[in-house]
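S.K.: Pasting the sequence and the predicted coordinates here, then a few questions.
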Amino acid sequence: MSRVPFYLRERLDDVKQRVLFETYEAQKLPKWEQVVLTWILLFSFWTIISANLKAENLLIGGLATLVISSFMHEMLTEDIRRSGHILEKILYISFFVIPQYLFIMAFRLIESNFKVAKHAVFMDINPGIVKIKTELHSNTGVTILANSITLTPGTLTLDVNKKLGETYLYVHWISVEALNREKAGEKIKGDIEGWLRKIFW
Amino acid sequence: MIEYFLLLLGESIMIFGTLGILRFPDVYTRLHAATKCDTGGAMTILMALAIASEASLLIKLKFLVLAFLIALINPMVSHAIARGAYKYGIKPEVVVDMYAWDNP
């Protein structure tokens, strides 16, 4: 590998990345784990929405959500990476990733409100539409990343473009600070993408 | 005590968002102000209601589910409006427009 010329090495890395993306079909979760994850999510939503802790209500809700999750299991959990045991994954997601994400996003949301208030008062805007590249490829991961970018200060996702196995986002930025793709990506995405890459493909 | 602080924060965010809608130049920057005042203002007011209301815990959790749904739906709606406006042909007042470079 060390004797390979520089331009060829870049090409080889590109091909390797593409092969990795193609083996993602083989890295999906097995079916019963998808059903269990969907069922937990739907059943907790049922319990909160119905606000009724009687036994027959919980029984009806559990059966109905089990039926729904048995044939809709691919919709939410299609893109989750396979790593470790399912119990480990549930504990990791619900006690480590989600609280961290919610905490950081709450502060970013408040910061974005103050930033837009500042822009509205002083009118020091410098808007522009920039294009950034993401490392995520799955539909769910790109959706969560685009929504988080819209919630973070001063940015609004306009469109997503997938070309040759790479994903690009078009972002409307209210005060453009960098035009370079890498620098703008670092400033816009922050460390959200790093967390999402741990779970999604 | 903390619910009055949250209510005041929500009200002030709503007022500044309205000011932004009135003062910004074009659709996209106005959309920034509209969505930000919606998320921040409505979510803080819902949290104040969840703290202040005298109901059981599950009913209070419903307010938090509503706040979560607002945070989920708002970016999608803003994306849909912005993309629809762009496809309709409204040109943004910007310094650089990379979306027009790739979609001539």
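M.R.: Okay, I see it.
S.K.: From residue A:102, how far off is residue A:108?
M.R.: 11 Å (CB to CB, to the nearest Å). In short, each C-beta sits where N, CA and C put it, glycine included.
S.K.: and if you look at residue B:27?
M.R.: According to CB to CB, residue B:27 and residue A:102 sit 31 Å apart.
S.K.: same thing with residue A:186?
M.R.: As for residue A:186, its distance to residue A:102 is 23 Å (criterion: CB to CB).
S.K.: which residues sit in contact with residue 36?
M.R.: In the absence of a named chain, this looks at chain A. By CB atoms under 8 Å, 6 or more residues apart in numbering or on different chains, the contact set of residue A:36 is residue A:86.
S.K.: Oops, wrong one, chain B.
M.R.: So residue B:36 contacts A:112-113, A:116, B:13, B:17, B:20 (CB under 8 Å, 6+ apart).
S.K.: Comparing residue B:27 and residue A:102, which residue is more hemmed in?
M.R.: Comparing residue B:27 with residue A:102 by neighbour count (other CB atoms under 10 Å in any protein chain shown), the higher total belongs to residue B:27, at 17 against 11.
S.K.: and the lengthiest helix in chain A with chain B, contact?
M.R.: Determined from DSSP state H, the single longest helix within chain A is helix A:98-122. Yes. Using CB under 8 Å from any CB of the partner chain, helix A:98-122 comes into contact with chain B via A:109-110, A:112-113, A:116-117, A:119-121.
S.K.: Same check on stretch A:135-145?
M.R.: No. Against chain B, stretch A:135-145 shows no contacts by CB under 8 Å from any CB, the least distance being 8.6 Å.
S.K.: ok, and for that stretch, which residues are buried?
M.R.: A:136-138, A:140-145 (16 or more other CB atoms under 10 Å in any protein chain shown).
S.K.: try stretch B:67-84
M.R.: B:67, B:71, B:74-75, B:78-79, B:81-83.
S.K.: Need the contact partners of it.
M.R.: Contacts of stretch B:67-84 (CB under 8 Å, 6+ apart): A:109, A:146-147, A:150-151, A:156-159, A:172, B:27-28, B:31, B:34-35, B:38-39, B:42-43, B:46-47.
S.K.: can you tell me the average pLDDT over it?
M.R.: For stretch B:67-84, the mean per-residue pLDDT is 87.
S.K.: Do a quick rundown of the helices in chain A.
M.R.: Under the criterion DSSP H, helices of chain A are mapped to A:6-22, A:31-50, A:55-71, A:74-77, A:86-92, A:98-122, A:139-151, A:181-189, A:192-199.
S.K.: right, I mislabeled it, should have said chain B
M.R.: B:2-23, B:27-37, B:43-52, B:57-88, B:98-102.
S.K.: ok, of the residues of helix A:98-122 next to chain B, which come out buried?
M.R.: A:109-110, A:112-113, A:116-117, A:119-120.
S.K.: Look up the closest residue to the residue nearest the centre of chain B, ignoring the ones flanking it.
M.R.: Nearest to the geometric centre of chain B sits residue B:35, at 2.5 Å (CA atoms, centre = their mean). Sequence neighbours aside, residue B:78 is the residue nearest to residue B:35 in space, at 4.4 Å (criterion: CB to CB, 6 or more residues apart in numbering or on different chains).
S.K.: how much space is there between that neighbour and residue A:176?
M.R.: 19 Å.
S.K.: So which residues on chain A come close to chain B?
M.R.: A:45, A:47-49, A:51-53, A:109-110, A:112-113, A:116-117, A:119-121, A:123, A:125-131, A:146-147, A:150-151, A:154, A:156-159, A:161, A:170, A:172, A:174, A:176, A:179.
S.K.: any weak-confidence spans in chain B?
M.R.: Applying pLDDT under 70 to chain B flags the ranges B:104.
S.K.: what do you get for chain A?
M.R.: Those would be A:1-3, A:21, A:23-27, A:79, A:81-84, A:164-165, A:201, if you go by pLDDT under 70 across chain A.
S.K.: Okay, domains of it per the record?
M.R.: For chain A, the structural domains run A:4-81, A:86-196, going by the TED database.
S.K.: I'd like to know which elements the longest helix of chain A is packed against.
M.R.: Packed against helix A:98-122 by the contact rule (3 or more CB pairs under 8 Å, 6 or more residues apart in numbering or on different chains; DSSP states H and E) you find helix A:139-151, helix A:192-199, helix B:2-23, helix B:27-37.
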